[in-house]
Structures are given as C-alpha cells and as structure tokens.
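Chemist: Okay, predicted coordinates and the sequence, questions at the end:
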Amino acid sequence: MPFLRGGLKMGSAAIEAAYSASRDKYAERGVDTDNALDRLRQIALSLHCWQGDDVGGFEKNAAGLAGSGLQVTGAYPGKARSVDELRADLHQAFSLIPGRHRVNLHAMYGEFGGQPVDRNGIELEHFRGWQDWARREQLKIDFNATCFAHPLAASGNTLSSRDNGVRKFWVDHVKCCRKIAASIGREQQAPCLHDLWIPDGSKDVPADRWGPRAMLLKSLDEIFAVEYSPQQMKDALESKLFGIGSECYVVGSHEFYLGYALTRGKMICLDLGHFHPTESVADKLSAVLPFSGEILLHVSRGVRWDSDHVVLLNDEVRELAAEIVRSQLLDRVHIALDYFDAGINRVGAWVLGARAVLKGLLVALLEPHDKLKELEAPAKTLSRLSLLEELKALPFGAVWDFHCLKNGVPPADEWLREVEAYERRVLSRR
Ligand code: RNT
Ligand code: ZN
C-alpha cells in the first residue's frame, strides 16, 4: 500500500483499537458503525478535473479565463501542463481518497492533437484518451459544456446572446457536449451527468431582464430538443447568484433554472457557493426533490466574493450531508466537487476537499436517526438539541481512520506526506 512507504505514524493496531472503542460509544447511542462504513463506501463523488490546472484546459490557443466570469487566484508551482500530467495528478489524488469515485470533465479538456478544434466541432474522439484512462482507473466520467474562456464568450453572453450567430454557436457547442456525454454514458454503461453553467449576465444595472432570459429559454429548448436515454446521460442546469462581471444580473438565476428544470424534467445543480451566504442549500433538498427526480450538487465553499474555495468540513457541508442522509436521498443526489485554488498544492486541494465531504457524510451516517426523529416533537426540542450537541463530541475521527485503513489510503492527515512527496518527486520539476 502506497501510504505504508514511510510507515504509519499511528500503527494499524492502534487504529483498530481506537475504532473498537468508538464503535462501543456509538453503539451506546444506537448507532452501528460497521453499517455506516458499508454505506459510506458506496458513495461516489465526482472529482472535478479543473482543479488540477486552474481551469485552463488543453485547447490550442486557449483564450484563458479573461472575461469568463471565473477567476482563479494564486501561482503555486506545479500545475498540470498537459493531459498526461493532469491524469497523473488525478491518479495521485484518487489514491489518497477512500472509495471509488468519478471524474468530472469539461469540454475544454479534450485531446485535440494540437489542432485548433472549435467548441462547436468537438466530438467523442477527442475524449477517447480520457475514456481509456477512466476505464483503466475504474472511474465513471461526468461531463460539462465549456461556455466560457472563449472569444465568443468575451461579451459576457453565450446562450442568451442577442447576436444570433453567437447564440447559435453556443447552442451547437452544448449539443455536441450532450452527444459526447451520451456516448460516454453508453460506453461506460452508467449515466454520464452533463452540467450546464453559463456566465451570462450583466455587470451593471440592466434595463432589460426579460430579453436575455427569453433568449436563454429558446436556446435551451433548441438544445434539449435532442433527447437521450437517462441510462446514457442526465442533464443538469446550474444557476448562480452573481459572478465577476455579472454582479447586477444573472440570466440563469436559480428561479429561472428551477422553473425550467421542473417543467422539462431536468435536474438543477445547486452549487454551495452560488447562493446568499445565509441561504442553506441543505434546506433546498426537501423543497425541490418532491417535484424533481434528482439533484446535482457542486460542493464548494464561498468566501466573500469567491464561490470556489477548497471545501472543508464546515457547518454547511455537515448540514448538507446530514440532510442527504436523514432524508434518504443518497440515490437521488449526485455529489460533485467544484472549486479551484491555484494558491496551494493542487493535488492536495482535491484530497482535502474530497475527504472533507466524505467525512461529512460519515458524520451523517453515524447519527441515530430514529432517536432524532422521535425528538422532533415540539416539547422535545431541548432533548433534540442536546443530543445533536452530544453527537458532535462522539469520536467519528477514529471511525474515519479505520475506514481509511480498510480502504488502503492514509488515515488522519498522513495523506499530506504523500502529497508532499509527490510534490518533491513530480510537481516541483515542472
Ligand atoms: C461557475 C460554476 C461552474 C464552474 C465549472 C468550471 O460559477 O460553478 O460549475 O465552476 O463549470
Ligand atoms: Zn459549480
């Protein structure tokens, strides 16, 4: 096992002993830790490839992020400069995350053989390399259209553009992407999720809010006129509250996409960084899912203006995980990660965020759900709050370490040594 290279700081016998003690503690509360770990192992997160190269992609003459509504800050050395480097980095990250997960690609990560292939001309063949790699790594693929970082997105409008040529270009791009996603899904024999986010909006006060939304609606209807089997691909639409360059108006707002998704049988994608800071995405699950089959989540961490900080095990993540588990939504909620930080080791950023989400889910799986339900009655509020407080003090860390041990990845923060070694061996030589 790779993490045994330098020997575990905490030996496996100590991890097992700590687990056994914590199993008893949880059992006293009516919680079966073995069962929680079985369930945790079955959860697949979708890991976003774009953390590895600061949302750059591998197109020839890539326009960069300028004017795209996305901003990546930091200049930490060692970012992936090619698709091979990106895959090597992803492989390293996956080796430090317990469980079997998915990889989330963006259209701009195709392999175009040095040829200038424009976004309305991309095809499955440009992703063959990814498919072969994913098969070898036993990963399923998800996919995203890339409606930013392109000269025709520089005006700030894509699918809602009033320039019909521009609008048509992006409609064609998304159509190509959905087709690719469906082919990937067919070949991997599991649905490939396709998420659509566009940067469209306006930096300053618009006089016409209706026009661009009418255009977006028209574009979406054109795009989704082509139907694919949900066994092959599933569509999600991702809203945003505001972006850089779309501070005053976002065409694809939450209400717009919610309405669209519910009337057209599509999923919405809720990105944790895309709502007002006091709004709870956890709360939205039980509000949307009675009317929609499934939801896609982008787990992120909003800080001030930035919606894409590396995910930590904060209250938001804990509440989200608790809501998924308590409401038995694990098979209706798809969990993807979405953040990008160019200021820290990028492999470490993947590992830190993915492990934080899994830990959040573990904490949720370790709740005594029946007992909590029982305490839902109004007169039991104090008992409920007191139990919730008590649960926070239970030793989930020992359960987590045991899970890591069993799944062949480093426990606690011992993954950091592996990331640092990879940095010395590989990243620092780039
Ligand atoms: C942007 C959205 C979107 C992107 C990725 C790169 O605000 O969150 O999901 O982060 O498509
Ligand atoms: Zn997102």
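Modeler: Nice, I can see it. Just so we're clear, the structure is a prediction, and the values are computed from it rather than from any experiment. Numbering: from 1, shown residues only. Ligands and ions are numbered 1, 2, ... in the order given.

Chemist: Local confidence estimate at the residue of the stretch 101-250 of the chain found nearest ligand 2?
Modeler: Of all residues in the stretch 101-250 of the chain, Glu238 sits closest to ligand 2, with a separation of 5.5 Å (CB to the ion). To be clear about C-beta, it is placed using only N, CA and C from the backbone, and glycine gets the same treatment. We have a pLDDT of 98 for Glu238.

Chemist: What of Gly11?
Modeler: 89.

Chemist: By mean pLDDT, which helix or strand of this structure comes out lowest?
Modeler: strand 306-309 (a mean of 93; mean pLDDT, DSSP states H and E).

Chemist: Give me the sheet partners of it and which way each runs.
Modeler: strand 301-303 (antiparallel) (DSSP bridges).

Chemist: do the strand it pairs with and ligand 1 meet?
Modeler: No: counting by CB under 6 Å from any ligand atom, ligand 1 has no neighbours in strand 301-303; the shortest distance is 10.3 Å.

Chemist: My read is that Trp305 contacts Gly243, right?
Modeler: No: counting by CB atoms under 8 Å, Trp305 stays clear of Gly243, with 9.4 Å between them.

Chemist: In terms of neighbours, single out the busier of the two.
Modeler: Applying other CB atoms under 10 Å to Trp305 and Gly243 shows that Gly243 carries more neighbours, namely 22 against 10.

Chemist: The more buried one is in contact with Asp200, isn't it?
Modeler: No: judged on CB under 8 Å, Gly243 makes no contact with Asp200 at a distance of 9.3 Å.

Chemist: what touches both of these two?
Modeler: Val250 (CB atoms under 8 Å, 6 or more residues apart in numbering).

Chemist: Report how many residues lie close to Cys248.
Modeler: 13.

Chemist: ok, now Ala364?
Modeler: So Ala364, with other CB under 10 Å, has 24 neighbours.

Chemist: any idea which helix or strand comes after whichever strand or helix holds it?
Modeler: Secondary-structure assignment from DSSP states H and E places Ala364 in helix 346-365. Next along the chain after helix 346-365, taking DSSP H and E as the criterion, comes helix 369-374.

Chemist: So for that next one, what gets flagged as buried?
Modeler: Within helix 369-374, the residues that qualify as buried by neighbour count (16 or more other CB atoms under 10 Å) are Leu372.

Chemist: Up against ligand 2, what does the chain have?
Modeler: 271, 298, 338 (CB under 5 Å from the ion).

Chemist: Unless I'm misreading it, Ser155 sits right up against Val166, doesn't it?
Modeler: Yes: the pair Ser155 / Val166 is scored as a contact, 7.2 Å apart, by CB under 8 Å.

Chemist: who's in contact with the residue lying closest to Gly302 once chain neighbours are set aside?
Modeler: Spatially, and ignoring its direct neighbours in sequence, Gly302 is nearest to Gly273 (3.7 Å; CB to CB, 6 or more residues apart in numbering). The contact partners of Gly273, by CB under 8 Å, 6+ apart, come to 298, 300-302, 306-309, 338-339.

Chemist: Pro368 and Gly30 touch, don't they?
Modeler: Yes: shown here, Pro368 and Gly30 form a contact pair, counting by CB under 8 Å, at 4.5 Å.

Chemist: hey, where'd the strands end up in the stretch 151-300 of the chain?
Modeler: Shown for the stretch 151-300 of the chain, the strands assigned by DSSP state E, counting those that start in this stretch span residues 192-196, 201-202, 233-238, 249-250, 267-271, 295-299.

Chemist: quick one: contacts of the fifth one?
Modeler: Residues external to strand 267-271 that are found in contact with it (CB under 8 Å, 6+ apart): 193, 195, 197, 234-240, 254, 257-258, 261, 281, 284, 288, 292-298, 300, 307, 334, 336, 338.

Chemist: What's the mean pLDDT across that strand?
Modeler: 98.

Chemist: Show the model's pLDDT score for the residue with the largest distance to the centre of the chain.
Modeler: Largest separation from the mean C-alpha position in the chain: Ala379, at 38.9 Å (CA atoms, centre = their mean). pLDDT recorded at Ala379 is 94.

Chemist: Give the ranges of residues in the stretch 1-150 of the chain that sit below the confidence cut-off.
Modeler: Low-confidence segments of the stretch 1-150 of the chain (pLDDT under 70): 1-6, 61-69.

Chemist: What ranges does it have for its strands?
Modeler: Using DSSP E, counting those that start in this stretch, strands in the stretch 1-150 of the chain cover 45-48, 102-106, 140-144.

Chemist: Neighbours of Gln71, how many?
Modeler: 16.

Chemist: Skipping adjacent residues, who's closest to it in space?
Modeler: Ile244 (5.3 Å).

Chemist: returning to what we had before: which members of the contacts of strand 267-271 are classed as buried?
Modeler: 193, 195, 197, 234-240, 254, 257-258, 261, 281, 284, 288, 294-298, 300, 307, 334, 336, 338.

Chemist: residues of the lengthiest helix in the chain that come out buried?
Modeler: Assignment by DSSP state H gives helix 164-188 as the longest helix of the chain. Buried residues in helix 164-188, counted by 16+ other CB under 10 Å: 166-167, 169-188.

Chemist: and that helix, is it in reach of ligand 1?
Modeler: No: Helix 164-188 does not reach ligand 1 (CB under 6 Å from any ligand atom); its nearest approach is 11.6 Å.

Chemist: so what does that helix touch, helix or strand wise?
Modeler: Under the contact definition 3 or more CB pairs under 8 Å, 6 or more residues apart in numbering; DSSP states H and E, helix 164-188 sits against helix 128-137, strand 140-144, strand 192-196, helix 210-224, strand 233-238.

Chemist: Name the nearest residue to whatever residue of the chain ends up closest to ligand 1, sequence neighbours excluded.
Modeler: Closest contact between the chain and ligand 1, by CB to the nearest ligand atom, is at Trp197 (4.0 Å). Sequence neighbours aside, Glu238 is the residue nearest to Trp197 in space, at 4.1 Å (criterion: CB to CB, 6+ apart).
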